[in-house]
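J.: Fold the following.
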Amino acid sequence: MATQVQSGVLRTPPHSIELEQALLGCCVVEGGQESLSLCIQKRLSADSFYFPAHRVLFGEMYELYQRNRPLSEITLRDALLAKERLAAAGGGAYLAQICSRVDVSAHLPYFIDRVRDYELLRRVISSSETLIAKAFDGQEDVARFLAEAEEKIFSISKDLIQETAQPIDGPLRQAIQNVQSLLQRKGEISGIGSGFADLDRITGGFHPAEMIVLAARPSMGKTSLALNLAENVILPTAKNAQPVATLFFSLEMSADQLAMRLLCGRAGVKISRLREGAIPRGFQNELLRVAQEFRGAPLWIDESSNLTILELRARARRVHCRQKLGLVIIDYLQLIAGTDSRAHREQQIAEISRGVKAMAKELHLPVLVLSQLNRESERERRQPKLSDLRESGAIEQDADVVLLLSRPRETDEETEMSLQTSELVRELIIAKQRNGPVGVVPLLFDRSITKFGNYRDDGTDGERENANCRVGRES
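T.: Predicted coordinates for the structure are as follows:
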């Protein structure tokens, strides 16, 4: 295999015949069981070798290992002769040369890593050639092509197998450390604080690799709640001493609309009065002060519309490479375009949901994704439940935490519209939590400034009593 890089100039892909010979020799010297196990753990295969003869030799070694047969120069030669493949493996003299290459297998891990490195470099070259050919062809959708290209190259760098099976001693030590850490914190949250005391009390905060779904019917305030969560994590608080870098995908609203909501909500300014240009000078100064407070905050807003899940993941990955993120928010799931427009929408949503969960695991951070609910709860005049998630049961399956935002049972839309106060009560139903209990958390929603706050039942500015937070077991 050769790659043309300049007119008339050919370059040989990276490899090392000596390293490949030494690796194969170590396997024979050791006897195959431990050495082949280590090769498999490191995701080494026959295709990892550059020379065809070495691919044949390793493939036969692997077959002997699978059949639990001893590995030696004699058994390997006999197996190759039986399949009439000794010539393809370089012949008897070459096999003897390889088997005598090393005396001990102590350096096997080093040889495996180096051979694996060369394989990854060759894969980069091969993938790049394919991408260049596609680019010259010019028939691919450019946005999708770039997303797939980035994912393909990124997957190569991540394609180093991790140790999956391990003795119980290691996890036990880690579990004991976690217990000690929890005891030292004395009830403090273990994840990223949301800024809402009762929600954090039940969930322990948002944790890495979690997919958190926030679902509601239109006009319930799910975008406002997501913005408030972003505000609470990007600005230092008692719960989050350090700001948490956040990426907000807004597929519905523009970035300047979100910025306006953040400013008005934190400054306590009614957006309707601001549009009329009728706010006192004191509030104008407060807006300027809040703007200064947000300046430099680690918040990125992507207002692109009609993104596919591939494009969304690629953009999140790109930002994460520049600035390590702690949280990603997506508003909202049903606005993400399917990669195959011919597929049924339920299949598209299932693909998108799996992609969101994969992104949370890949970047090792919590992903909060907003979602719509169907109309069944409104028609039946009841509180929403998991089965009301719109268009696909895959969302319920993939999510680690599902939050359903709704009005209290005794309140309907007409009653809310007739209220003279701007403060409304919303119930945040924790309908699913993979690693904890479910429950209901009341919140206050000030519709005049589109801001959520902790519920207060005594008319003071303090947080409400813990006894009012309904917590149950997950069914």
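J.: shaky segments in the stretch 301-450 of the chain?
T.: 391-392, 410-422 (pLDDT under 70).
J.: Just the strands from it, written as ranges.
T.: Ranges of strands within the stretch 301-450 of the chain are 327-331, 367-372, 401-406, 423-433, 438-446, based on DSSP state E, counting those that start in this stretch.
J.: Reformat these into JSON lines and put mean neighbour count next to each item.
T.: No exception for glycine: its C-beta is placed from N, CA and C like everyone else's. As requested, the strands of the stretch 301-450 of the chain are arranged in JSON lines below (neighbours: other C-beta atoms under 10 Å):
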{"stretch": "strand 327-331", "mean neighbour count": "25"}
{"stretch": "strand 367-372", "mean neighbour count": "25"}
{"stretch": "strand 401-406", "mean neighbour count": "24"}
{"stretch": "strand 423-433", "mean neighbour count": "20"}
{"stretch": "strand 438-446", "mean neighbour count": "20"}
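J.: mind putting those strands in a markdown table, distance to residue 265 included?
T.: Formatted as a markdown table, the strands of the stretch 301-450 of the chain follow (distance: least, C-beta to C-beta, whole Å):
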| stretch | distance to residue 265 |
| --- | --- |
| strand 327-331 | 15 |
| strand 367-372 | 17 |
| strand 401-406 | 17 |
| strand 423-433 | 14 |
| strand 438-446 | 8 |
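J.: In contact with residue 20: list those residues for me.
T.: 49-51, 54, 115 (C-beta atoms under 8 Å, 6 or more residues apart in numbering).
J.: Pull the most distant pair out of those residues.
T.: Within the contacts of residue 20, 51 and 115 form the most distant pair, 11.0 Å apart (C-beta to C-beta).
J.: Of those two, which one has the most company?
T.: The residue with more neighbours, out of residue 51 and residue 115, is residue 115; 25 against 13, by other C-beta atoms under 10 Å.
J.: And the pLDDT for residue 162?
T.: With respect to pLDDT, residue 162 has a value of 51.
J.: I meant residue 245, not that one.
T.: For residue 245, pLDDT reads 91.
J.: Repeat that for residue 26.
T.: Listed pLDDT for residue 26 reads 90.
J.: how about the host helix or strand of it: buried residues?
T.: Using DSSP states H and E, residue 26 sits in helix 17-30. By 16 or more other C-beta atoms under 10 Å, the buried positions in helix 17-30 come out as 19-30.
J.: Tell me the one among those nearest to residue 154.
T.: Nearest to residue 154 among those, counting by C-beta to C-beta, is residue 19 at 26.0 Å.
J.: which ones are touching the closest one?
T.: The neighbours of residue 19, taking C-beta under 8 Å, 6+ apart as the test, are 111, 114-115, 118.
J.: Could you measure from the residue positioned nearest the centre of the chain over to residue 329?
T.: By C-alpha atoms, centre = their mean, the mean C-alpha position of the chain lies nearest to residue 360, the distance being 1.6 Å. To residue 329, residue 360 is 12 Å away according to C-beta to C-beta, to the nearest Å.
J.: Check the model's average confidence along stretch 281-288 for me.
T.: Mean predicted lDDT for stretch 281-288 stands at 78.
J.: how about the helix ranked longest in the chain: buried residues?
T.: Assignment by DSSP state H gives helix 108-137 as the longest helix of the chain. Within helix 108-137, the residues that qualify as buried are 108, 111-112, 114-116, 118-120, 122-125, 131, counting by 16+ other C-beta under 10 Å.
J.: quick one: which of the residues you listed is nearest residue 283?
T.: residue 131 (53.7 Å).
J.: Name the nearest residue to the closest one, ignoring sequence neighbours.
T.: residue 149 (5.1 Å; C-beta to C-beta, 6 or more residues apart in numbering).
J.: Quick check on the one you found: phi, psi?
T.: Here is the backbone geometry of residue 149 (degrees, to the nearest 10): phi -60, psi -50.
J.: State the distance from it to residue 314.
T.: In terms of C-beta to C-beta, residue 149 sits 9 Å off from residue 314.
J.: and what of residue 20?
T.: Distance from residue 20 to residue 314, counting by C-beta to C-beta: 35 Å.
J.: try residue 259
T.: Distance of residue 259 to residue 314, computed by C-beta to C-beta: 24 Å.
J.: same question, residue 434
T.: In terms of C-beta to C-beta, residue 434 sits 27 Å off from residue 314.
J.: Settle it for me: which of those two has more neighbours?
T.: Neighbour totals were compared for residue 434 and residue 314, and residue 314 leads with 21 against 11 (other C-beta under 10 Å).
J.: contacting residues for that one?
T.: 146-147, 150-151.
J.: can I get these in a markdown table with secondary structure, neighbour count and pLDDT?
T.: What follows is the contacts of residue 314, written out as a markdown table (DSSP: H, G, I helix; E, B strand; the rest coil; neighbours: other C-beta atoms under 10 Å; pLDDT from 0 to 100):
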| residue | secondary structure | neighbour count | pLDDT |
| --- | --- | --- | --- |
| 146 | helix | 16 | 80 |
| 147 | helix | 22 | 77 |
| 150 | helix | 18 | 77 |
| 151 | helix | 15 | 76 |
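J.: Break the protein into its domains for me.
T.: Following automatic domain parsing, the chain resolves into domains at 11-158, 192-401.
J.: can you redo these as TSV with distance to residue 168?
T.: Shown next, in TSV, are the domains of the chain (distance: least, C-beta to C-beta, whole Å):
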stretch	distance to residue 168
domain 11-158	18
domain 192-401	22
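J.: Buried deepest among the ones you listed, which one?
T.: domain 192-401 (a mean of 18; mean count of other C-beta atoms under 10 Å).
J.: Span of that one from start to end?
T.: End-to-end span of domain 192-401 (C-alpha to C-alpha, to the nearest Å): 14 Å.
J.: Just the element for residue 172, please.
T.: In this structure, residue 172 is located in helix 169-185 according to DSSP H and E.
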